[in-house]
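> only geometry, no sequence info:
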């Protein structure tokens, strides 16, 4: 995933659509409800969470978030999910599903379930970040009772990952200008660059800390103005929570499959 793509999705959080205008608290609660619903399905259940794919798709369409950018970003972090679930097919070899002469082990079903849950939950989290500026999300989290230290940590990580990425980009550009004939830096050069980056990061962190103290920062997130819940916020939250409850406790996929089979 390129940092240009990440920056583009970050800038999209300041767009002006009906989805962007929803209260940040409502969006945060809705996405958390969706994530809890997705991960609550049993590990061998693939049909249950499948209809929930419409939530991120509809939300992305309403907010005009480029689906291609979302898929690229999702693919960039998918290796972490693969590493988590890679051992399942080898540890769970018990036959679970029989399709004709083909026998599918339970480990492959649970592997697919992990990947589906990963795609749904990460897509929802990325959409939340693409729909709401990080400052508003922080304010919403604090108003919902999240400790200030956790909110501050997430804010600093999010903000300064982009700063560090820009610093790395400048260092790589400087190396290419000084040695254009070398396509890749040697191990010793990479270690030296990492040491320089670490030193600069410590120095920048010290300057930022001193500047924050000078401006009276006391560890609390503050924002100007108060937001009030509107009728559209309540409707969005009710539809999201209601849909999650229906798809979690009503076998919608099985009912739809049985209906289609009767039609055939």
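Everything's here; your move. Owing to the predicted nature of the structure, the values given are computational and were not obtained by experimental measurement. Numbering: from 1, shown residues only.

> Show me where this protein has its helices.
For the chain, applying DSSP state H gives helices covering 3-12, 24-39, 54-63, 67-85, 88-91, 106-131, 134-143, 148-178, 187-214, 231-249, 252-263.

> For the last one, the averaged confidence score.
What it means is helix 252-263. Across helix 252-263, pLDDT averages out at 72.

> By mean pLDDT, flag the weakest helix or strand of this structure.
In the chain, the helix or strand scored least confidently by mean pLDDT, DSSP states H and E is helix 3-12, which has a mean of 63.

> So which of the helices of the chain is nearest residue 99?
helix 106-131 (11.8 Å; CB to CB). Yep, even glycine has a C-beta here, placed from its N, CA and C like the rest.

> And that closest one, what's buried?
106-124, 126-131 (16 or more other CB atoms under 10 Å).

> Against residue 132, how distant is residue 15?
Residue 15 sits 11 Å away from residue 132, going by CB to CB, to the nearest Å.

> pLDDT score for residue 36?
Per-residue confidence (pLDDT) for residue 36: 95.

> meant to ask about residue 118
Here, the pLDDT recorded for residue 118 equals 93.

> Quickly note the distance from it to residue 72.
Residue 118 is 16 Å from residue 72, by CB to CB.

> what's the answer for residue 36, then?
Distance, residue 36 to residue 72, by CB to CB: 27 Å.

> before we move on, what about residue 82?
17 Å.

> do residue 38 as well
Distance from residue 38 to residue 72, by CB to CB: 22 Å.

> okay, the two: which has more neighbours?
Ranked by neighbour count (other CB atoms under 10 Å), residue 38 and residue 72 place residue 38 first, with 23 against 14.

> Let me know whether the more buried one touches residue 119 as I believe.
No - under the criterion of CB atoms under 8 Å, residue 38 makes no contact with residue 119, lying 9.6 Å away.

> Number of residues surrounding residue 189?
13.

> show me the contacts for it.
residue 175 (CB atoms under 8 Å, 6 or more residues apart in numbering).
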